[in-house]
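>>> Got a sequence here, can you build the structure:
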Amino acid sequence: MVLSFFHSVTVAVDAVVYYKIHSPLAAVCNVSDYASSTKLLASTTLRTILGTKNLSEILSDRETISQEILLHIDEATDPWGIKVMYNMSFLFLPIHTLNTINISRQIGFAPCTMSAAIEGRSKKMFEA
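Below you'll find the predicted structure:
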């Protein structure tokens, strides 16, 4: 799944959802297609949860985010008679984002400090 954030950073995420039917009657009666519904619920929940996080939180708290997503999915699929296991396995950043992070580390700026410095320089140019 590819996600875009309000900072114009695109992140590709690989996640795996395993599910086990613990109540076959509920899986058939309470939802029309439990397999597709579980898959759609997982992707929607992933998108929703990651959309509330900034890039540094996603990179540093992957396990916590996985647990939060699992909690939401498991809570929603419980009436369907389905038990879910969830793992956010890989997170991919575009090369230009990685280059920006590496450059900011090399010059000793945090990303927000670097953007503030750039904004300050551009304001000075327009004032002159």
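>>> so who does the closest residue in space to residue 79 that isn't next to it in sequence touch?
Spatial nearest neighbour of residue 79, chain neighbours left out: residue 30 (5.6 Å); criterion: Cβ to Cβ, 6 or more residues apart in numbering. All C-beta spots, glycine's among them, are computed from the backbone N, C-alpha and C. Contact analysis of residue 30 by Cβ atoms under 8 Å, 6 or more residues apart in numbering lists 79-81.
>>> what's the answer for residue 76, then?
Applying Cβ under 8 Å, 6+ apart, the residues near residue 76 are 41, 45.
>>> can you do 7 Å?
Listed by Cβ atoms under 7 Å, 6 or more residues apart in numbering, the contact set of residue 76 reads residue 41.
>>> which element is it on?
helix 62-77 (DSSP states H and E).
>>> Identify each buried residue in that helix, please.
Within helix 62-77, the residues that qualify as buried are 62, 65-66, 68-70, 72-73, 76-77, counting by 16 or more other Cβ atoms under 10 Å.
>>> mind giving me the domain split of the chain?
The record's domain parsing of the chain by automatic domain parsing lists 2-93, 95-128.
>>> can you tell me which of the ones you listed the model trusts least?
The minimum mean pLDDT among those belongs to domain 95-128 (a mean of 53).
>>> count of residues packed around residue 19?
By other Cβ atoms under 10 Å, 20 other residues sit near residue 19.
>>> Same question for the one 3 residues further on.
Using other Cβ under 10 Å as the criterion, residue 22 is surrounded by 12 other residues.
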